[in-house]
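**Q** pasting the sequence and the predicted model now:
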Amino acid sequence: MFHCVSNYPTQPQEAMLWMIPKLKNELGVRIGFSDHTLGIEVPVKAAALGAEVIEKHFTTDKTLPGPDHAIAADPAELRALVEALRGVVPGSLPAPPEEAIAARPDAAKKPVMRRGVYAARDIKMGETVTLDMLALVRPEVTPLEKLPKIVGKPASRDFTARDAVTP
């Protein structure tokens with residue numbers, strides 16, 4: 001699962017990196033970071049907080065048209081990012097205290113940008129739901145935070161493929 005804030009560019013203080021250890025602990029899955037910040041500092045911190053995969057937009061020319069090129073890493077930045085990541089000890093930064101957790105900076109984009117929990121195939125009421133029965137797609141109807149109440153539990157009703165799955 002990838003943690004991502006969908007602002008272009010995302011300001012470093014808006015990256016919500018505290019979500020990485022939180023998602024890892026609560027969901028028990030591998031966590032990546034989809035980066036929309038400028039530079040390499042934030043993805044390096046994400047790795048130090050436990051992100052196992054970093055997604056960074058790449059461009060050969062930051063002046064090309066489109067929203068991604070201006071925030072993307074050019075060849076020199078990508079090289080620097082890879083070198084910096086090689087020196088990171090995963091999980092070496094502690095998670096920030098609960099009082100540091102703020103509201104999502106991309107809240108207005110939430111209905112469109114965040115992924116929700118959907119049935120990847122038909123699921124019968126009472127059938128034990130597993131991760132392979134689910135798809136995480138847009139838009140968010142059932143938030144990903146509900147996964148622990150869905151996975152490993154009996155389906156609350158019949159779901160057809162592409163239905164939003166609820167606990």
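**A** Received it, and whenever you're ready, just let me know what you need. Numbers count the residues shown, from 1 in each chain.
**Q** residues contacting the helix or strand where Pro43 lies, please?
**A** Assignment of secondary structure by DSSP states H and E places Pro43 within helix 41-48. Outside helix 41-48, the residues that touch it by CB atoms under 8 Å, 6 or more residues apart in numbering are 3, 10, 12, 15, 17, 20, 33, 35, 37, 51, 54, 56, 81, 84-85, 88-93. Using the backbone N, CA and C atoms, a C-beta is placed for each residue, glycine as well.
**Q** ditto for stretch 65-72
**A** Tyr8, Pro9, His36, Thr37, Leu38, Lys56, His57, Phe58, Thr59, Asp61, Lys62, Thr63.
**Q** in it, which residues are buried?
**A** Of the residues in stretch 65-72, those buried by neighbour count under the rule 16 or more other CB atoms under 10 Å are His69, Ile71, Ala72.
**Q** may I have the predicted confidence score for the second one?
**A** Yep, that's Ile71 we're talking about. Each residue has a pLDDT score; the one for Ile71 is 88.
**Q** the closest residue to it other than its chain neighbours and Ser34, how far apart?
**A** Distance criterion CB to CB, 6 or more residues apart in numbering; nearest residue to Ile71, sequence neighbours excluded, is Pro9 at 4.6 Å. Taking CB to CB, to the nearest Å as the measure, Pro9 and Ser34 are separated by 13 Å.
**Q** between these two, who's got more neighbours?
**A** Between Pro9 and Ser34, Ser34 has the larger neighbour count (other CB atoms under 10 Å), namely 18 against 15.
**Q** the more buried one reaches Cys4, doesn't it?
**A** Yes - shown here, Ser34 and Cys4 form a contact pair, counting by CB atoms under 8 Å, at 3.7 Å.
**Q** strands of this structure, start to end?
**A** Along the chain, the stretches classed as strands by DSSP state E are 2-4, 32-35, 53-56, 116-119, 134-137.
**Q** residues in contact with the third one?
**A** With contact meaning CB under 8 Å, 6+ apart, strand 53-56 is reached by 2, 30, 32-35, 43, 46-47, 72-73, 78, 81, 85.
**Q** try 6 Å this time
**A** Here strand 53-56 makes contact (CB atoms under 6 Å, 6 or more residues apart in numbering) with Gly32, Phe33, Ser34, Asp35, Pro43, Ala73.
**Q** coming back round to it: out of the contacts of helix 41-48, name the ones that lie in helices.
**A** Ile20, Leu81, Ala84, Leu85 (DSSP state H).
**Q** what does the pLDDT read for the last one?
**A** Per-residue confidence for Leu85 comes out at a pLDDT of 93.
**Q** the second one too?
**A** On pLDDT, Leu81 comes in at 95.
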